[in-house]
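1. sharing a sequence plus its predicted fold:
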Amino acid sequence: MPELPEVETVARGLARAVAGKTIESVTVSLAKMVQAPGGVAFAAALRGERVESVGRRGKYVVMRLRSGRSLVTSLRMTGRLVLQREGDPDFPGTHAVLHYTDGTRLSFADVRTFGRMRLVEPDEPWDAALGIEPLSPGFTQQVFIGMLSGRTTPIKALLLDQHRIAGIGNIYACEALWAARIRPGRPSKALTKPAILRLHHAIRDVLTRATEMRGSSVDDYVDADGLRGGFQNVLSVYGKLGEPCPRCGAPIVRTVLAQRGTWWCRSCQR
DNA sequence: CTGAGATCCTGGGGGC
DNA sequence: TGCCCCCAGGATCTCA
């Protein structure tokens, strides 16, 4: 499931690969996968646009275009943005393709069709509801302390809430809570200050290390170049039901919290 | 504001 | 072996 590290990896790959390219044409084979403002045809709206840069916001890949508009892609769980050369066969499960003038193309594929590609106007506040970037300087200890203050929400649910912090998904929520030795179900306001500071550090640490390793390929995630990530090999708890906790040796358990599978150590996460 | 539940999909895992 | 059932998972919406 692409979360911040995976989306960052995809965006970096695309930044190298498609920045400066001009879109010659767009083909869409599943209309619901794409959206354009004001009911304008998505394909027509993109024709002739040039890609200025590619970045990330939360779990969204953002391609900034010459007109000032942005093409915002949500990969959800199984979405992929795959770069292909001229003559490469169509990628299986492709629903939209951006054809560039140099013959390369970017395929948007998603077997579960949950992903979305959306064209937004220059002044459109498409990310207004997204929370703070956890790796940005603005995500200070004080900001995090304030965020948890007075909230009864389980800390894991808070970490997953994109309105508060943008980019953390199930894998890194589980991993950060394990690293900080915090029980996922604890009410946010019940965390001690030392625990909050441990978690603040753990969030940034796990996201940074995972990004350095090009993300986690737990299922079939691959980046824009088709490469798998490496962080799945160093996960401590996610998906590790019954395996020994790397810290204390107790078996990892799986519970359900905020409708999500939650892996953690009953022994050393308090 | 907050949380719960439904919804969207399908590959793949579990059960028999 | 083969078949059926069921479910994970992120964002969004509705409802209490």
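-> Cool, got the structure. Residues are numbered from 1 along each chain as shown, chains lettered A, B, ... in the order given.

2. switch to C-alpha atoms for all contacts and neighbour counts from now on
-> Noted.

3. low-confidence ranges in the stretch 101-250 of chain A?
-> Low-confidence regions of the stretch 101-250 of chain A, defined here as pLDDT under 70, cover residues A:217-222, A:230.

4. now do the strands in it.
-> Read by DSSP state E, counting those that start in this stretch, the stretch 101-250 of chain A holds these strands, from start to end of the chain: A:105-110, A:116-120.

5. wait, does stretch A:240-257 contact DNA strand B?
-> No - among the residues of stretch A:240-257, none lie within reach of DNA strand B under Cα under 7 Å from any atom of the strand; the closest is 7.8 Å away.

6. in that stretch, which residues are buried?
-> Neighbour counts over stretch A:240-257 (16 or more other Cα atoms under 10 Å) mark A:K240, A:L241, A:P244, A:C245, A:P251, A:I252, A:V253, A:R254 as buried.

7. repeat for stretch A:5-13
-> A:P5, A:E6, A:V7, A:E8, A:T9, A:V10, A:A11, A:R12, A:G13.

8. in TSV: those residues, plus distance to DNA strand B and secondary structure.
-> Formatted as TSV, the buried residues of stretch A:5-13 follow (distance: Cα to the nearest atom of the strand, whole Å; DSSP: H, G, I helix; E, B strand; the rest coil):
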residue	distance to DNA strand B	secondary structure
A:P5	23	helix
A:E6	19	helix
A:V7	20	helix
A:E8	23	helix
A:T9	22	helix
A:V10	21	helix
A:A11	24	helix
A:R12	26	helix
A:G13	24	helix
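
9. hang on, the earlier thing: of the buried residues of stretch A:240-257, just say which sits nearest to A:E124.
-> The shortest gap between A:E124 and any of those belongs to A:R254, at 40.7 Å (Cα to Cα).

10. pretty sure the closest one is in a helix, no?
-> No - A:R254 sits outside any helix when classified using DSSP: H, G, I helix; E, B strand; the rest coil, being strand.

11. which one is it nearest to, not counting chain neighbours?
-> Closest residue to A:R254 in three dimensions, ignoring its sequence neighbours and counting by Cα to Cα, 6 or more residues apart in numbering: A:W263, at 4.5 Å.

12. who does the helix or strand hosting that neighbour pair up with?
-> Element membership for A:W263, per DSSP states H and E: strand A:260-265. For strand A:260-265, the pairing partners within the sheet under DSSP bridges are strand A:252-257 (antiparallel).

13. just the CA atoms of the strand it pairs with, as PDB, please.
-> Extracted C-alpha coordinates of strand A:252-257, given in PDB (Å, rounded to 0.1, in the frame of the first residue of the first chain):
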ATOM      1  CA  ILE A 252       3.400 -10.300  17.900                       C
ATOM      2  CA  VAL A 253      -0.300 -10.100  18.100                       C
ATOM      3  CA  ARG A 254      -2.900  -8.800  15.600                       C
ATOM      4  CA  THR A 255      -5.900  -6.900  16.700                       C
ATOM      5  CA  VAL A 256      -8.400  -4.700  14.800                       C
ATOM      6  CA  LEU A 257      -8.300  -0.900  15.400                       C
END
